[in-house]
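Trainee: sequence-free structure coming up:
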């Protein structure tokens, strides 16, 4: 079973007329004002999955500031997963600092969301305020036995839309906060995974963390796959495409280029996610 743990889907009305949703939504405008920034419906995702051999995808929406838009988008994700239960795994997406986010997250978890994600704060805000908002959401998700997927990005290098202003100490605090939970840090955890080479404390704090590969071809050299697999073991690396940003084929080519073995690739492309999500109905490669 091949599993993509990081995909975004949008309701058809947003895909058709994105400019109508920019007012009051600075993060959405920042990420999607450019016509080259692609948006996809659930059906577009499924067409890509069929074409590229992806069996299941973890799908989620966007952290809107508007409570109404948040609810509408989460409903679309939940309804899409209900229409295609063997293909889509829904997460509920909320803006951690937005009013009513905790109540909306609880509603979605009770309605069948498998967890929360991609949680993200893109603007520069007080770190302690942001951590407190995440802590409340984490505790709620823990009470439902859910999975967490959190945006992370490298604190150095070139700037790009959606590069959050927080340092690795922020994501490290989130990992400590989520101890004992299924936590996925997107985009290789912003490079936090490389610090598992430290001898004291860090390997224990991060032992439960998984890292997805979303946007890796834009951010890292292909050798990142072999490097991280050697540092933490390939069992905690999860394939995420950030669809529709990039096609799965590009990731596959870079894994081959990195020299990963067959079993390592099978794990990253689905086996590791299947274990994390409790999907044991099929064996990889069937």
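Mentor: Structure received. Quantities reported herein were computed from a predicted structural model and do not represent experimental measurements.

Trainee: Going by C-alpha atoms from here, please, whenever you check contacts or count neighbours.
Mentor: OK.

Trainee: ok, residue 33 touching residue 19?
Mentor: Yes - the pair residue 33 / residue 19 is scored as a contact, 7.3 Å apart, by Cα atoms under 8 Å.

Trainee: Quick check: which ranges of the stretch 151-286 of the chain have low pLDDT?
Mentor: 281-286 (pLDDT under 70).

Trainee: In it, mark out all the strands, start to finish.
Mentor: 182-185, 209-212, 237-238 (DSSP state E, counting those that start in this stretch).

Trainee: for those, which one sits closest to residue 131?
Mentor: strand 182-185 (15.0 Å; Cα to Cα).

Trainee: Now find how far off-centre the closest one is within its chain.
Mentor: 9 Å (Cα atoms, centre = their mean, to the nearest Å).

Trainee: Give the burial count for the closest residue to residue 100 other than its chain neighbours, as a bare number.
Mentor: In this structure, residue 100 finds its nearest non-sequential neighbour in residue 67, 6.9 Å apart by Cα to Cα, 6 or more residues apart in numbering. Neighbouring residues of residue 67 were enumerated by other Cα atoms under 10 Å; the total is 17.

Trainee: do residue 54 as well
Mentor: Neighbours of residue 54 (other Cα under 10 Å): 20.

Trainee: before we move on, what about the one 4 residues further on?
Mentor: Applying other Cα under 10 Å, we find 21 residues neighbouring residue 58.

Trainee: for the helix or strand encompassing it, packing partners?
Mentor: Residue 58 is part of strand 56-60, with elements assigned from DSSP states H and E. Judged by 3 or more Cα pairs under 8 Å, 6 or more residues apart in numbering; DSSP states H and E, the packing partners of strand 56-60 are strand 3-8, helix 67-83, strand 88-90.

Trainee: next one: the longest one to chain centre, how far?
Mentor: It refers to helix 67-83. On Cα atoms, centre = their mean, the centre of helix 67-83 falls 17 Å from the chain's centre.

Trainee: Counting by contacts, list what that helix packs against.
Mentor: strand 56-60, strand 88-90, helix 101-111.

Trainee: Any chance of a markdown table for those, columns distance to residue 119 and mean pLDDT?
Mentor: Output for those, formatted as a markdown table (distance: least, Cα to Cα, whole Å; pLDDT from 0 to 100):
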| stretch | distance to residue 119 | mean pLDDT |
| --- | --- | --- |
| strand 56-60 | 10 | 98 |
| strand 88-90 | 14 | 98 |
| helix 101-111 | 11 | 98 |
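
Trainee: With distance to residue 117 added, can I get those in JSON lines?
Mentor: Shown next, in JSON lines, are those (distance: least, Cα to Cα, whole Å):
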{"stretch": "strand 56-60", "distance to residue 117": "7"}
{"stretch": "strand 88-90", "distance to residue 117": "9"}
{"stretch": "helix 101-111", "distance to residue 117": "10"}
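
Trainee: between the ones you listed, which one is nearest to residue 253?
Mentor: Per Cα to Cα, nearest to residue 253 of the helices and strands packed on helix 67-83: strand 56-60, 19.4 Å.

Trainee: Go ahead and name everything in contact with that closest one.
Mentor: The contact list for strand 56-60, computed with Cα atoms under 8 Å, 6 or more residues apart in numbering, reads 1-9, 49, 74, 77, 86-93, 117-118.

Trainee: And the buried ones among those residues, selectable in PyMOL?
Mentor: The following PyMOL line selects those of the contacts of strand 56-60 that are buried, judged by 16 or more other Cα atoms under 10 Å:
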select buried, resi 1+2+3+4+5+6+7+8+9+49+74+77+87+88+89+90+91+92+93+117+118
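
Trainee: That concludes my questions; thank you for your assistance.
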